[in-house]
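Enquirer: test case, fold it:
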Amino acid sequence: GAGAGAAAATPLPLLQQLNVAANRLLLKQVCTHRVPQVVGGGNTCRLFIMLIQGESIVYSSMTHPKEYPAAAAAATFEPQVVVQGDLLLRLYHLPPGQPGVVVASVPLHTDFVRVAQEYGLRVMLADLDEPPSAVHLPKDFWIDFAFAPAPAPTSTAASAAAATATA
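Expert: Model (predicted):
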């Protein structure tokens, strides 16, 4: 009957059913508390981050990896990129002359960020996947994300509409 076909349909995710737009935020800073230790990396770790939304890389610091001493208290990146919805952060160690090694992957959604005076999100070591065997994350390792309200989107159509409305 008609009921069997309806039951087989895949339900839409709740937010899609409600047609609610995800928070649109400016990712100002990503900061690790402590620096990973990499086997064979000597006393330093060359770190870079990559931010991925959907199939697109929206930010990468790979061309300018930062070198940190193994005992460094923190590693800081300032992507200054607008993000919305699902986002994947990958933190890499870049050995000289070799491909990057993923140190940590953090999937998140901008709606996880509470809109208040401080737009922040902290991901603790216990919330991260196990790193590769060549990487040691200190027990007090975490990653902080600092957000701000995103600037209003600009588009030619919106600018033209605003100009028409004021004329």
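
Enquirer: could you measure A74 against W142, distance?
Expert: Using C-beta to C-beta, to the nearest Å, A74 is found at 10 Å from W142. Every C-beta, even on glycine, is put in place using the N, C-alpha and C of the backbone.

Enquirer: which residues do the two both contact?
Expert: 32-33 (C-beta atoms under 8 Å, 6 or more residues apart in numbering).

Enquirer: okay, those two: which has more neighbours?
Expert: W142 (17 against 11; other C-beta atoms under 10 Å).

Enquirer: phi, psi for that one please.
Expert: phi -150, psi 170 (degrees, to the nearest 10).

Enquirer: tell me the contacts of it?
Expert: Applying C-beta under 8 Å, 6+ apart, the residues contacting W142 are 32-33, 122-125.

Enquirer: can you pull out the strands in the protein?
Expert: 24-33, 37-38, 44-53, 56-60, 66-69, 74-77, 81-84, 86-93, 101-109, 119-124, 135-136, 142-149 (DSSP state E).

Enquirer: save those as JSON lines, and put in distance to S155 and mean pLDDT too.
Expert: Shown next, in JSON lines, are the strands of the chain (distance: least, C-beta to C-beta, whole Å; pLDDT from 0 to 100):
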{"stretch": "strand 24-33", "distance to S155": "14", "mean pLDDT": "94"}
{"stretch": "strand 37-38", "distance to S155": "44", "mean pLDDT": "84"}
{"stretch": "strand 44-53", "distance to S155": "19", "mean pLDDT": "93"}
{"stretch": "strand 56-60", "distance to S155": "18", "mean pLDDT": "95"}
{"stretch": "strand 66-69", "distance to S155": "35", "mean pLDDT": "91"}
{"stretch": "strand 74-77", "distance to S155": "28", "mean pLDDT": "95"}
{"stretch": "strand 81-84", "distance to S155": "13", "mean pLDDT": "94"}
{"stretch": "strand 86-93", "distance to S155": "22", "mean pLDDT": "94"}
{"stretch": "strand 101-109", "distance to S155": "24", "mean pLDDT": "91"}
{"stretch": "strand 119-124", "distance to S155": "24", "mean pLDDT": "87"}
{"stretch": "strand 135-136", "distance to S155": "42", "mean pLDDT": "88"}
{"stretch": "strand 142-149", "distance to S155": "18", "mean pLDDT": "92"}
